[in-house]
Each structure stands twice: as C-alpha cells, then as structure tokens.
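Participant: Got a predicted structure here, sequence first:
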Amino acid sequence: MSEYLSVLIFAVTGAAIVLFTFFISKLIRPHNPYPEKGVTYECAEDAIGDSWIRFNPRFYIFALIFVIFDVEVIFLFPWAVAFGELGLFALVEMVIFILILFFGLFYAWKKGVLKWV
Amino acid sequence: MEFQLPEINLQLMAPEIFLFLWALAVMAFDVTTKRKSSSTAGNLALVGLAVTGVIMVFTDQGRGFGNMFFNDSMAVFFKVIFLAAAFMAIGSSFGLTHTRILNHRGEYFGLILLSTVGMMFLASSSELISLYIGLELTTIPLFVLAAFFKDDRKSVEAGIKYLVVGAFSSALLLYGLSFIYGLTGTTDIAQIRSILAHSAVAGFNPAYQESTPIMVMAVLAILGGIGFKLALPPFHQWVPDVYEGAPTPITAFLSVGSKAAGLVAFAKIMIMGLYDLYDPSKAPNDWGILVGVMAAAAMIVGNVLAIRQTNIKRMLAYSSIAHAGYVMVGMLALNSLGLASVGYYMFAYLFTNMGAFAIVALIEDRTGSCEIASYAGLSKTSPFLAISMTIFLLSLTGIPPLAGFFGKFYVFAAAIKMAETGSGLTWIYWLVGVGLVTSVFALYYYANVMRTMYFVETDSPLKVTMSPMAVAVIVIGVVGVVVFGLNPQPIVQFASDMPAALGALLP
C-alpha cells in the first residue's frame, strides 16, 4: 500500500501548490477592474464578431494531415537514439512505418483535400 | 544498455499482414481509378478475404514476437468467424454501392477489412497491450462505418453514440488493465495468471481469502469495459440506437464480428488471466457470479424489450443483447465443454444473424423500410426471402434441427455440467432456468415476423428484386444454418481444441 500512499501525497501536494499560489496572488495583487480589461484579447486586434461561428472543415483536415508528420517525428526521435544498437532491422522497420504514413498522405492528396478551394 | 530483440516470426502474422496491405490497396485503388465499375472495390475486398483465408491454412501455429503474438487453435477458430462475418457483410453491402456510398466505396470496404485485421490481431494477442491495440483497431473503423451515411441523421447519431460509448468503454478497460499491470508487474496474460496463483503480490492474497479493493476495482473496470463491447446490461443502452442508425451490413458486422471480438477479449483477460479469482466456493471474491447476473439481465432485458419493437433492426438489436447473455452462460462454464460451446454458438450465430441482416439489408435497400409491418405479404411476392428469413428466425429462436438450437443446447449443457462440479454453483442452475424461460419470449417476437410475412393480408405487398450477391450471402447463411445444425460435430470438434489452447488450465 505504501507505493500508492506516495502517489496520493504527490497528487495532494500538487493540487495544494496550485491552490496556494492562487490564494497568494489574490492577497497581494492590486484590484482595479475596468471595462477594457474584460475585452477579448486576440493578437492586439479588436475581436470582430462572435467566435461561435461555423469553421470550414478544411481546417480540421489540414490539422489531421499535420498529425501524420507529428507522429512520424515522435517515433523517429527515439528510433534515431537507439539506432546504433538496433542496426539494419530497425532501418527496415522504420522504412515500412514511414511508407504506411506516406500512404496516408498519398490518400489525402488523391482525395483532393490539399486543394484550398 | 543491452537491448535484446524479441524473436520475430513474421510467418505467423502472414494473414494479418496480407489483409492489412490489401485494405490499403483497396483504398488506393479506389482513389486512383476513375470509378468505372461500381462494384470493383467490393469484389477486390472479397478476393482479399478469400486469399487471407487461404494464407491462414498455410500458416503455422505457434508463438512469436516475444510471446506477444500467439497463433493457437482458439485464434484460428475466431479468425475464421471474423473473416466469414466480414465476407458476408461485404457481400450484403453491394446494394449500397450504387446509391448511398457511391463516392466512398474504397473507404467503406477498406475500413471493414481494417476492422477485421484488428479482430484477428485481438484473437492472436496474448498480452494486454497488443490485445488493447487489436481492440482499438477493431472499433475505430466501426465508428466511421456506423456514421457512413453522412446525410442521414440517424446514421450520424449512431456514429457519434458509438464513438462516445466506445471511447468511454476503452478508457474503462484500459484503467482496469493498468491496475492489473500495477499489481503484477507484467502485461503477459499467462504470467499474470501464474503470479496471481502462486505468489503474494501487492493487493492480492493468494489464498483467495479476499481480494483487496484495488483488485476489485480492476475487475469491475474490466467487466465494465468489456460489458460495453458485448452489450451486457447495464451497459447495453447504446445498442438499439446504433444498430438502427448504422448501415444494415455494418449492423450485422457489429452484431457478429465485434461481439465475437469482445468474447475473445473476455476469454483472454478474464479466463486466461484472472481465472484464479473465479473461485466458486468463495462467493465474495468471485467475478463469476457478477458475470452471471449480467448474463441473466441480458437475457431478460433483451428478450422482453424486443417484444415491443416495430422496427426489425431494433428488434434484432435487442435480440443480439439476449444472445450475448446466452453465450456468456457458456463462457461461465469453465470446463472443456464451455469454450467449445461458446465457439459453436458464435459459429451458428454468424450464419444466422448475417443471413437475417442480409435479408433486412436487401429489403431496406429496395424499399427504404425497416418496419416489420412492411414485411406483410412477402411470402407471396418473394417466397425465397420469406423461407430463408423463417429459417434464420427459427434458428435464432433455437428450434431443432437448426444450428441455433445446438448452440443453445451446448451452452446450457456446459453450464449444467459446471454447476454439478462445485458446491457454490447452484446459481448456475438459475441462470440456465432464466435462459430457458426467456427463450419462450424470444419465440413470440420472432414468430411475429413470420406471421407478418405469411398471414397478414396487404394491398401493397413488397416487391423485391434480388441482386446475385445478396442471394449468394443468403444462401451461404441458409446452408450454414441447416448443414451445421444437422451435423454439428465438425464444428464442435474444431471448437473443442480451444480449451487446450488456453493453456490446458481448465478442469
């Protein structure tokens, strides 16, 4: 049970530190609200309109395609670190992995999702 | 740091690798060609499944990948079921290719194949992480397939519901598995079992006097996760809506393939891994009685609620909940007959349910209606469909000499044999009793469809033109139900190798 006790202490301490800092900052910060402070801040521009509008789904598809490369890089780093010990086998494995990912890109390309109409 | 590569045995995985590449090829084919012939992608998928079956014949049984992959007779048996279910689902999808999935045929068939690959990996895994990945590869394509009719509100609703429920149940299952890993320090299922049986680990007393709260939580979370996949009450509410909204061939694939995959996961985790917690003489520690209650609830809820349904897909959805209950009765009988009866039951259910859904799909495709009332007069306009449907419904009810009867017979026989062995097992008799009584309810709602087809007069009977592929699927179903009903021995023989595959640990 003692292993789990340390997990519990860790969780409680973590939560306590967050609450504590909020509490401290509330004690020492100046309190001076005025309307400009409540305005939505977006890259120093005045926000135009409502953010609850329909977005073009292409944004999401582009984000999804980005994930292909994201995943690839995440797996390439540990692979590159251990490559010296793994040898040729790992190279073949990684080539297969990248080919499968490239199939995804090829598929998306052929489906025409990379065209911004 | 010395790194030892596990022994790789790619030959063991040949069917899965082939089917995976074939699924990609089907999708690539569809995006590169100019869609000249509308059924090519589907035909390609069927060829891929057939070739995978042939490759499986030539694949050795054995272990590979450092015991993470395990091609044993249980894996082979269930892989046959998965491949056949995918084959029949794709076969009954051909009616859709001309109309509703016109621009997405490659994805449709490719995703069915990918889901099948996931089921096959699941059946072969002997380790928690590969098992979980197999389960995810099974369900994620099914989320998309359930929502495949993008402009149909019900289909989209089905997809979203299935996604939310599936994500929740996966999280629950993974949470439970993480507890098991925390308690035993391994993800290898056979090792988990031997650690639980032979040594005192944190959180578990090997004398089975009591399980600690962590172990109880682990078992509850795993049962919840798998309960969602198998649609055992109280985790069954998603089933009718998803089954009704999803494209009918996908509903069929969900009800057979996905259910069989859930059963495999249950057998692997609960029976291979946590067998020693199923100790009948010490009821408080016993997950068996918990599963028994869920099975009884499934039989009662499924059969009672099916009575009032007017939509045939909803009726078959509730009936599939009931059948999950029946098959869990066999799963609880941990003797040599138990797993064999589960295997036979799923085999019979495969032909029966895929056939019945093929007819529903054909009629829905031609008329747009899934209401039972619209089946009136079917016996006059297309006697072939009416007779086939009657055979499937009788098999679902469990009328001899059809395959469904022997499925129920073996399941209940195995359970009674189990009940005779232990003193704390009288509740299994009650479970069998519930099964027998609720089977009578089942006769009522199945017979109602037959009555509508044969005896209800109507001015506008259905006119159904058949497609060759749909007829082929229905004929496969009828032949399977009748032949394996009249002669169940080969399948029982085939299925009875499975307990040995679980490590010969059963009494």
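Facilitator: The structure has been received and is ready for your questions.
Participant: Show me which helix runs longest in chain A.
Facilitator: Ranked by residue count under DSSP state H, the longest helix found in chain A is helix A:58-86.
Participant: Stretch B:238-254: which residues count as buried?
Facilitator: If you call a residue buried by 16 or more other Cβ atoms under 10 Å in any protein chain shown, then stretch B:238-254 has these buried ones: B:238-254. Backbone N, C-alpha and C define where each C-beta goes, glycine included.
Participant: which other helices and strands contact the longest helix of chain A?
Facilitator: Helix A:58-86 sits against helix A:88-111, with contacts defined as 3 or more Cβ pairs under 8 Å, 6 or more residues apart in numbering or on different chains; DSSP states H and E.
Participant: what is the orientation angle of the helix it packs on with helix A:58-86?
Facilitator: 170 degrees (axes from the mean of the first three to the mean of the last three Cα atoms, to 10 degrees).
Participant: pLDDT averaged over stretch B:230-246, what's the number?
Facilitator: Averaging pLDDT along stretch B:230-246 yields 93.
Participant: what does stretch B:65-83 give?
Facilitator: According to the model, stretch B:65-83 has a mean pLDDT of 87.
Participant: same question, stretch B:403-419
Facilitator: Mean pLDDT, computed over stretch B:403-419, is 90.
Participant: Stretch B:194-214 too?
Facilitator: Mean predicted confidence for stretch B:194-214 is 61.
Participant: now stretch B:321-329
Facilitator: pLDDT averaged over stretch B:321-329 gives 94.
Participant: Contacts for it next, please.
Facilitator: Residues from elsewhere that reach stretch B:321-329 (Cβ atoms under 8 Å, 6 or more residues apart in numbering or on different chains): B:230-233, B:236, B:239, B:259, B:263, B:291-292, B:294-303, B:306, B:342, B:345-346, B:349, B:353, B:396, B:407-408, B:411-412, B:415, B:428, B:431-432, B:435, B:438, B:442.
Participant: Provide a list of residues in contact with the nearest residue to residue B:232 once chain neighbours are set aside.
Facilitator: Excluding the flanking residues, the one nearest residue B:232 by Cβ to Cβ, 6 or more residues apart in numbering or on different chains is residue B:294, at 4.3 Å. Applying Cβ under 8 Å, 6+ apart, we find residue B:294 in contact with B:223, B:227, B:232-234, B:325, B:328.
Participant: Taking the stretch 301-450 of chain B, what residue is nearest to chain A?
Facilitator: Residue nearest to chain A within the stretch 301-450 of chain B: residue B:365 (26.2 Å; Cβ to the nearest Cβ).
Participant: From residue B:227, how far out is the closest residue to residue B:233 other than its chain neighbours?
Facilitator: Leaving aside its sequence neighbours, residue B:233 sits nearest to residue B:297 (Cβ to Cβ, 6+ apart; 4.0 Å). Separation of residue B:297 from residue B:227 (Cβ to Cβ, to the nearest Å): 10 Å.
Participant: Relative to residue A:45, how far out is residue A:39?
Facilitator: Distance of residue A:39 to residue A:45, given as Cβ to Cβ: 11 Å.
Participant: now do residue B:373
Facilitator: For residue B:373, the distance to residue A:45 equals 61 Å [Cβ to Cβ].
Participant: do the same with residue B:381
Facilitator: 68 Å.
Participant: Also residue B:179?
Facilitator: Per Cβ to Cβ, residue B:179 is found 50 Å from residue A:45.
Participant: quick one, which of these two is more surrounded?
Facilitator: residue B:179 (19 against 8; other Cβ atoms under 10 Å in any protein chain shown).
Participant: For the more buried one, list the residues it contacts.
Facilitator: Applying Cβ under 8 Å, 6+ apart, the residues near residue B:179 are B:214-215, B:217-218, B:221.
Participant: Contact distance from chain B - what residues of chain A qualify?
Facilitator: Contact residues, chain A versus chain B (Cβ under 8 Å from any Cβ of the partner chain): A:1, A:3-4, A:82, A:85-86, A:89, A:100, A:103, A:106-107, A:110-111.
Participant: ok, 7 Å please
Facilitator: Proximity of chain A to chain B (Cβ under 7 Å from any Cβ of the partner chain) is limited to residues A:82, A:85, A:89, A:103, A:107, A:110-111.
Participant: Next one: the closest residue to chain A within the stretch 401-507 of chain B, what pLDDT does it get?
Facilitator: Closest approach between the stretch 401-507 of chain B and chain A, counting by Cβ to the nearest Cβ: residue B:469, at 26.5 Å. pLDDT recorded at residue B:469 is 88.
Participant: For it, which residues are in contact?
Facilitator: By Cβ atoms under 7 Å, 6 or more residues apart in numbering or on different chains, the residues touching residue B:469 are B:91, B:94.
Participant: for residue B:312, same thing?
Facilitator: If you count contacts by Cβ under 7 Å, 6+ apart, then residue B:312 has B:360, B:370, B:372, B:449 around it.
Participant: pretty sure residue B:488 is touching residue B:406, no?
Facilitator: Yes: contact criterion Cβ atoms under 7 Å: residue B:488 and residue B:406 qualify, at 4.5 Å.
Participant: Name the residues contacting each of these two.
Facilitator: With contacts taken as Cβ under 7 Å, 6+ apart, residue B:488 and residue B:406 have residue B:344 as neighbours in common.
Participant: more neighbours, those two?
Facilitator: When neighbours are counted by other Cβ under 10 Å, residue B:488 and residue B:406 differ, and residue B:406 comes out ahead with 27 against 21.
Participant: any idea how far the more buried one lies from residue B:481?
Facilitator: 10 Å.
Participant: Quick one: distance of stretch B:321-339 to the chain centre.
Facilitator: Centroid separation for stretch B:321-339 versus its chain: 13 Å, with Cα atoms, centre = their mean, to the nearest Å.
Participant: in which helix or strand would I find residue B:313?
Facilitator: For residue B:313, the host element (DSSP states H and E) is helix B:312-332.
Participant: which parts of that helix are buried?
Facilitator: For helix B:312-332, a neighbour-count test (16+ other Cβ under 10 Å) marks B:312-332 as buried.
Participant: among the contacts of residue B:312, who's most crowded?
Facilitator: residue B:360 (23 neighbours).
Participant: My guess is that one contacts residue B:249. True?
Facilitator: No: with contacts counted by Cβ under 7 Å, residue B:360 stays clear of residue B:249, the gap being 9.5 Å.
Participant: nearest spatial neighbour of the residue of chain A found nearest chain B, skipping sequence neighbours?
Facilitator: Across chain A, the shortest distance to chain B (Cβ to the nearest Cβ) belongs to residue A:110, at 3.9 Å. Of all residues not flanking residue A:110 in the chain, residue B:31 sits nearest, at 3.9 Å (Cβ to Cβ, 6+ apart).
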